[in-house]
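S.K.: when you get a sec, could you give me coordinates for this:
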Amino acid sequence: MNRPAHVPAAPATPPTNSMTQGWHCLHLYLRANQKEWLQLADYQRAEGRDQLIQLLDPNREGAPKRIQTSVVSRHEADLGLMIMDPDPLVINGIRQGIRASRFGTVLEPTYSFVSITEISEYVPSLEQFADRLKREGTDPSDPVFQAKMTGYEQRLPMMNQQRLYPDFPPFPVACFYPMNKIRHPNANWYQLPFSERADLMAEHATSGIKFAGRVSQLITASTGFDDWEWGVTLWGRAPEHVKEIVYTMRFDRASARYAEFGPFYISYVMSPADAIKELKLTPRPFATSIQKLSLPLQHGLLP
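M.R.: Numbering: from 1, shown residues only. Next up, the predicted model:
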């Protein structure tokens with residue numbers, strides 16, 4: 001019997017921390033330890049403030065591709081960070097930088113969520129979008145059909161770009177929560193045919209489109225990276241818009257029957273300097289001046 005010709009194996013992809021497409025993402029929440037804060041001298045508080053402002057500056061050299069600072073309403077945390085970059089170690093550098101700073105004992109991590117950006121399998125291709133229009137009763141010979149196809153074809157690359165390499169919207173309210181699709185014996189998402197799951201997610205997306213201009217959404221994938229399967233980040237033009245979209249979308253079958261939600265973190269976007277000021281992590285102006293004047297005397301730098 002003739003043996004099949006030997007086919008050389010394809011060259012292995014070089015090991016890398018980066019993804020083929022998309023970015024790594026970290027949501028990090030920290031709480032200010034008042035006891036540790038009170039033990040710092042005012043000049044140390046000033047030093048910690050300056051270190052933190054520099055570390056979280058999105059425009060500094062070596063900063064992650066995206067970093068956003070917010071002040072959290074939940075009692076479990078005071079400061080919220082959302083960080084994205086192709087290299088997970090660049091993201092980890094923020095966490096380690098805080099630990100190594102003057103505020104390393106003051107700002108204690110209380111919750112984190114690790115995920116990656118992705119294009120969901122439920123984002124329809126052009127062919128799938130056309131099939132959906134047909135199922136909904138739109139005749140391919142109707143000019144409306146072609147208009148919808150053209151519009152979707154133009155939007156799809158921009159939407160996928162935003163999913164993989166997102167920009168932060170200019171909205172002041174941020175909300176984050178993790179979620180799963182449940183595996184209950186009577187409601188197991190993963191035992192549904194793909195076509196049914198895709199239709200349920202299309203219904204879900206239709207509900208979300210109604211909030212365009214008021215809410216921006218980013219869903220990141222965390223299967224294999226965290227305890228939950230997805231992380232949902234919402235940005236609202238106003239606080240009530242976040243409540244309205246979450247309430248509205250919970251009535252969709254994809255959520256009402258198959259969704260499981262983790263803790264919700266609502267926060268308000270600020271610059272690092274404004275966030276530190278809001279959290280009262282600033283030295284007393286008068287005491288700082290006195291401390292600066294006394295430092296040379298303590299170190300023997302003045303006669």
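
S.K.: how about residue 262, nearest residue that isn't a chain neighbour?
M.R.: Nearest in space to residue 262, with sequence neighbours left out and distances taken as C-beta to C-beta, 6 or more residues apart in numbering, is residue 178 at 3.8 Å. All C-beta atoms are positioned from the backbone trio N, CA, C, and that covers glycine.

S.K.: the one you found: how many residues sit nearby?
M.R.: 23 (other C-beta atoms under 10 Å).

S.K.: same check on the one 3 residues further on?
M.R.: One way to gauge burial is a neighbour count; for residue 181, by other C-beta under 10 Å, it gives 19.

S.K.: now do residue 53
M.R.: 17.

S.K.: what sits against it?
M.R.: Neighbour list for residue 53: 272, 273, 276 [criterion: C-beta atoms under 8 Å, 6 or more residues apart in numbering].

S.K.: ok, now residue 263?
M.R.: By C-beta under 8 Å, 6+ apart, the residues touching residue 263 are 74, 76, 111, 177, 178.

S.K.: can you check residue 128 too?
M.R.: residue 198.

S.K.: hang on, it is in a helix, isn't it?
M.R.: Yes - assessed by DSSP: H, G, I helix; E, B strand; the rest coil, residue 128 belongs to a helix.

S.K.: beta partners for residue 216?
M.R.: Residue 216 has these beta-bridge partners by DSSP bridges: residue 235.

S.K.: wait, it touches residue 235, no?
M.R.: Yes - using C-beta atoms under 8 Å, residue 216 makes contact with residue 235 at a distance of 4.6 Å.

S.K.: show me where the stretch 51-200 of the chain has its helices.
M.R.: 88-100, 126-135, 143-164, 194-209 (DSSP state H, counting those that start in this stretch).

S.K.: what angle sits between the longest one and helix 126-135?
M.R.: Between the axes of helix 143-164 and helix 126-135, defined by axes from the mean of the first three to the mean of the last three C-alpha atoms, to 10 degrees, the angle is 140 degrees.

S.K.: name the helices or strands packed onto helix 143-164?
M.R.: For helix 143-164, the contact count by 3 or more C-beta pairs under 8 Å, 6 or more residues apart in numbering; DSSP states H and E identifies helix 126-135 as packing neighbours.

S.K.: list the buried residues in the helix it packs on.
M.R.: For helix 126-135, burial by neighbour count (16 or more other C-beta atoms under 10 Å) applies to 129, 130, 132, 133.

S.K.: that one: how far from the chain's middle?
M.R.: Offset of helix 126-135 from its chain centre (C-alpha atoms, centre = their mean, to the nearest Å): 31 Å.

S.K.: how about stretch 132-147?
M.R.: Offset of stretch 132-147 from its chain centre (C-alpha atoms, centre = their mean): 36 Å.

S.K.: that stretch - what's its average pLDDT?
M.R.: Regarding stretch 132-147, the rounded mean pLDDT is 87.

S.K.: common neighbours of residue 216 and residue 235, please.
M.R.: Contacts common to residue 216 and residue 235, judged by C-beta under 8 Å, 6+ apart, are 169, 171.

S.K.: for residue 230, state which of the contacts of residue 263 is nearest.
M.R.: Of all those, residue 178 has the smallest distance to residue 230: 6.9 Å, by C-beta to C-beta.

S.K.: tell me the contacts of that closest one?
M.R.: 113, 222, 226, 227, 228, 229, 230, 231, 232, 261, 262, 263.

S.K.: select only the buried ones of these in ChimeraX?
M.R.: In ChimeraX syntax, the buried subset of the contacts of residue 178 is picked out as below (16+ other C-beta under 10 Å):
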select :113,222,226,228,229,230,231,232,262
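
S.K.: now render the contacts of residue 178 as a markdown table, adding distance to residue 160.
M.R.: Formatted as a markdown table, the contacts of residue 178 follow (distance: C-beta to C-beta, whole Å):
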| residue | distance to residue 160 |
| --- | --- |
| 113 | 23 |
| 222 | 19 |
| 226 | 23 |
| 227 | 27 |
| 228 | 23 |
| 229 | 20 |
| 230 | 17 |
| 231 | 18 |
| 232 | 18 |
| 261 | 26 |
| 262 | 26 |
| 263 | 29 |
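
S.K.: looking at the contacts of residue 178, which are in strands?
M.R.: In this view, these that belong to strands under DSSP state E are 113, 230, 231, 232, 261.

S.K.: and the gap between the second one and residue 247?
M.R.: In this case it means residue 230. 19 Å (C-beta to C-beta, to the nearest Å).
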